[in-house]
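# Generate a structure from the sequence data that follows.
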Amino acid sequence: MTSVRSAVAVVGAATSVAAGLVVSTTTAVPAALIGVAAADPCPQVEVIFARGRNERPGTGRVGAAFVDALRAKTPLNVGVYAVNYPANIEIPQGANDISSRIQDMAARCPATRLVIGGYSLGAASATMALSSNDRGFGFDRPLPPGMDSHIAAVALFGNVTHRMGGGNISPIFGDRTIDQCNGADPVCMDGLPQTIAQLQGDWQNHLQDGYIGSGMVNQAADFVAARLAPPPPAPAPDAPPAPDAPPAP
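Prediction:
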């Protein structure tokens with residue numbers, strides 16, 4: 001569980017050092033996204049999204065922007081589940097709720113295609129929920145075999161576990177996952193800022209506006225929409241050859 005402890009430490013240290021630049025706790029969230037789930041109990045698609053550290057309950061700004069962009073790119077009915085966790089340092093608690101929601105939807109709505117997403121601390125929770133062996137340290141609801149068949153795509157933003165080699169996300173989700181790091185975002189970039197001033201300057205890349213304004217949220221929506229699209233139809237079989245003409249009398 002070193003990756004989890006490291007993730008908590010990195011997020012906590014970075015937000016403390018970058019005083020005054022941390023993810024806002026007063027950002028308004030659209031009312032429709034403050035509840036835990038959308039009204040339709042079995043939508044064609046459900047986005048399960050974990051907000052970032054210290055964001056208000058709901059999907060957070062990155063999650064809301066991602067859902068809006070995805071809805072604009074697919075004709076499918078897209079529902080939303082906002083992960084229910086305090087979003088302070090509780091990565092395992094968020095992971096447990098993500099896993100519980102995946103299993104609940106698989107049982108109640110087996111035809112619903114799930115999209116798992118998270119920003120900042122929420123991305124770490126999503127990574128843990130989809131891990132291959134990241135148990136313990138408070139995470140006690142690993143996905144049982146077969147749950148991956150319900151998950152169409154994974155979209156992560158500012159994922160602190162990216163610094164630790166992508167955490168322990170199961171390789172089964174490899175071609176279904178987009179893991180976005182915005183430039184010199186100190187939470188997920190390769191290497192570490194060399195000075196406090198550099199950290200404070202780079203911290204803007206980690207904020208919600210950095211991911212929304214850079215186009216990365218829109219890119220992730222394109223990626224997910226492509227995985228929700230139906231496969232192209234099989235080519236029509238070749239027509240049988242015409243019969244030989246009868247011989248002339």
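# rest of the way, CA atoms for contacts and neighbours
OK.
# what is the mean pLDDT for the helix ranked longest in the chain?
In the chain, with assignment by DSSP state H, the single longest helix is helix 91-108. Mean pLDDT, helix 91-108: 96.
# Convert that helix to PDB, retaining C-alpha atoms only.
In PDB, the C-alpha atoms belonging to helix 91-108 read as follows (Å, rounded to 0.1, in the frame of the first residue of the first chain):
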ATOM      1  CA  ILE A  91      -8.600   7.700  -1.000                       C
ATOM      2  CA  PRO A  92      -9.600   4.200   0.200                       C
ATOM      3  CA  GLN A  93     -13.100   5.400   1.200                       C
ATOM      4  CA  GLY A  94     -13.600   6.800  -2.300                       C
ATOM      5  CA  ALA A  95     -12.400   3.600  -3.800                       C
ATOM      6  CA  ASN A  96     -14.800   1.500  -1.700                       C
ATOM      7  CA  ASP A  97     -17.700   3.700  -2.800                       C
ATOM      8  CA  ILE A  98     -16.700   3.400  -6.500                       C
ATOM      9  CA  SER A  99     -16.400  -0.400  -6.200                       C
ATOM     10  CA  SER A 100     -19.800  -0.600  -4.400                       C
ATOM     11  CA  ARG A 101     -21.500   1.400  -7.100                       C
ATOM     12  CA  ILE A 102     -19.900  -0.600  -9.900                       C
ATOM     13  CA  GLN A 103     -21.200  -3.900  -8.300                       C
ATOM     14  CA  ASP A 104     -24.600  -2.400  -7.600                       C
ATOM     15  CA  MET A 105     -25.100  -1.200 -11.200                       C
ATOM     16  CA  ALA A 106     -23.900  -4.500 -12.600                       C
ATOM     17  CA  ALA A 107     -26.500  -6.300 -10.600                       C
ATOM     18  CA  ARG A 108     -29.400  -3.900 -11.100                       C
END
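# List the buried residues in it.
For helix 91-108, a neighbour-count test (16 or more other CA atoms under 10 Å) marks 91-103, 105-106 as buried.
# From the contact counts, what lies against the helix or strand containing Gly63?
Here Gly63, judged by DSSP states H and E, is contained in helix 60-73. Secondary-structure packing of helix 60-73 (3 or more CA pairs under 8 Å, 6 or more residues apart in numbering; DSSP states H and E): strand 45-50, strand 78-82, strand 113-119, helix 208-213, helix 216-228.
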